[in-house]
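A.B. asks: fold the following for me, if possible:
(one chain, ligands or ions: 1)
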Amino acid sequence: MAVNRAGVKAFGRMLRATAYHGPALGGGMTRTVTQVQETRPLLDTLTAIRTRRAVKEYVETPLPKAWIEELLDAAHWAPNHRLTHPWRFHVFLGEGRERLVSARQAAVRWRFEREGKTVTVQDMEFARTKCYSSPAIIIVSVVGADDPIIDRENYAACWCAIQNLLLAATARGLGSYPSTGDWIDENFVGPILGLSENERPVACIFLGYSEQPTMAKRLPVDRHTFWHTDA
Ligand SMILES: Cc1cc2nc3c(=O)[nH]c(=O)nc-3n(C[C@H](O)[C@H](O)[C@H](O)COP(=O)(O)O)c2cc1C
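C.D. replies: Numbering: from 1, shown residues only. Below is the predicted model of the structure:
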């Protein structure tokens, strides 16, 4: 659906006027790295759901491997029809993130060429910086299926797993966000992940300690709810 600029602005005004502004990361407060390391917060489910936000600024301090394993375990408990376990988690830490740079840069070059623009050194540097923007980067890929319905179920299950991971990270006082974009959607990461023919990338999750204040924006849910109570 094409949305014109005036429509976007009007939507923005409506959002500002009516949005539920929820609390910041981790239950109304931003935690320092030390607080997260020492107290190991654990939020209840509804608080984690409400306080999870897309966090873009990270502290470079590496995460303990066991903490990442806990989040992957949470992801793994997501619903998946027929128990296909369709998700694959590719975890990039430390210098391992260098492996992502060529894919991200290739995707930027591809996009610019399509749009007839010239790629600058700064564009390439920005692409590299994104690959180092959080201490952990997890790319989730899906094992597809020949049956289109099962394929769709598998893809949906991967997003359930991603949400589990994001919520578990929030519950533990960590920042995160899921991201797609050309390097994922156009499978530039495929060769780096060693994906086979029937696998494809779903999303990239940025993860780490964050001291970034966040603000939630959502319209009231009753605007999007339809109750069917009569026969
Ligand atoms: C399928 C999907 C793809 C997304 N892709 C990106 C992305 O490429 N870049 C980005 O900055 N955020 C991405 N996001 C994060 C959303 O922009 C973010 O969730 C949204 O702005 C709402 O903010 P909140 O999560 O803090 O409520 C994506 C989220 C989803 C569900």
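A.B. asks: can we go C-alpha only for contacts and neighbour counts from here?
C.D. replies: Noted.
A.B. asks: ok, now how distant is N164 from the ligand?
C.D. replies: 12 Å (CA to the nearest ligand atom, to the nearest Å).
A.B. asks: and that residue, what does it touch?
C.D. replies: With contacts defined as CA atoms under 8 Å, 6 or more residues apart in numbering, N164 is in contact with L71, A74, A75, W77, A78.
A.B. asks: try 10 Å
C.D. replies: By CA atoms under 10 Å, 6 or more residues apart in numbering, the contact list for N164 reads I49, L71, L72, D73, A74, A75, H76, W77, A78, P79, C158, T170.
A.B. asks: what residues does the chain have near the ligand?
C.D. replies: The chain comes close to the ligand at residues R53, A54, Y177, P178, S179, T180, G181, A216, as judged by CA under 6 Å from any ligand atom.
A.B. asks: recalculate using a threshold of 8 Å.
C.D. replies: Within the chain, the positions lying close to the ligand (CA under 8 Å from any ligand atom) are 52-56, 159, 177-181, 203, 214-218.
A.B. asks: helices of this protein, start to end?
C.D. replies: 5-18, 25-28, 33-39, 45-51, 65-76, 98-114, 121-131, 148-171, 182-185, 190-193 (DSSP state H).
A.B. asks: got those as CSV, with mean pLDDT columns?
C.D. replies: Below are the helices of the chain laid out as CSV (pLDDT from 0 to 100):
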stretch, mean pLDDT
helix 5-18, 58
helix 25-28, 48
helix 33-39, 94
helix 45-51, 95
helix 65-76, 98
helix 98-114, 98
helix 121-131, 98
helix 148-171, 98
helix 182-185, 98
helix 190-193, 97
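A.B. asks: please name the nearest non-neighbouring residue to the spatially most central residue of the chain.
C.D. replies: Nearest residue to the geometric centre of the chain (CA atoms, centre = their mean): P178, 0.8 Å. Once flanking residues are discounted, P178 sits nearest to I205: 4.5 Å by CA to CA, 6 or more residues apart in numbering.
A.B. asks: relative to I184, how far out is the one you found?
C.D. replies: From I205 across to I184, the span is 11 Å (CA to CA, to the nearest Å).
A.B. asks: and the longest strand seen in the chain, what other elements does it pack with?
C.D. replies: Scanning the chain for the strand with the most residues, using DSSP state E, yields strand 199-208. Applying 3 or more CA pairs under 10 Å, 6 or more residues apart in numbering; DSSP states H and E, one finds that strand 199-208 contacts strand 87-93, strand 136-143, helix 148-171, strand 175-179, helix 182-185, helix 190-193.
A.B. asks: between the contacts of N164, which has the most around it?
C.D. replies: With neighbours defined as other CA atoms under 10 Å, the most crowded of the contacts of N164 is C158; it has 28 neighbours.
A.B. asks: check contacts around it.
C.D. replies: Applying CA under 10 Å, 6+ apart, one finds that C158 lies in contact with 75-76, 78-80, 85-89, 140-143, 152, 164, 202-203.
A.B. asks: sorry, back to before: can you turn the buried part of the residues of the chain next to the ligand into a PyMOL selection?
C.D. replies: Here is the PyMOL command that selects only those of these that count as buried (16 or more other CA atoms under 10 Å):
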select buried, resi 52+53+54+55+56+159+177+178+203+214+215+216
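A.B. asks: verify the stated contact: Q37 with Y209.
C.D. replies: Yes: assessed by CA atoms under 10 Å, Q37 is found in contact with Y209 at 9.3 Å.
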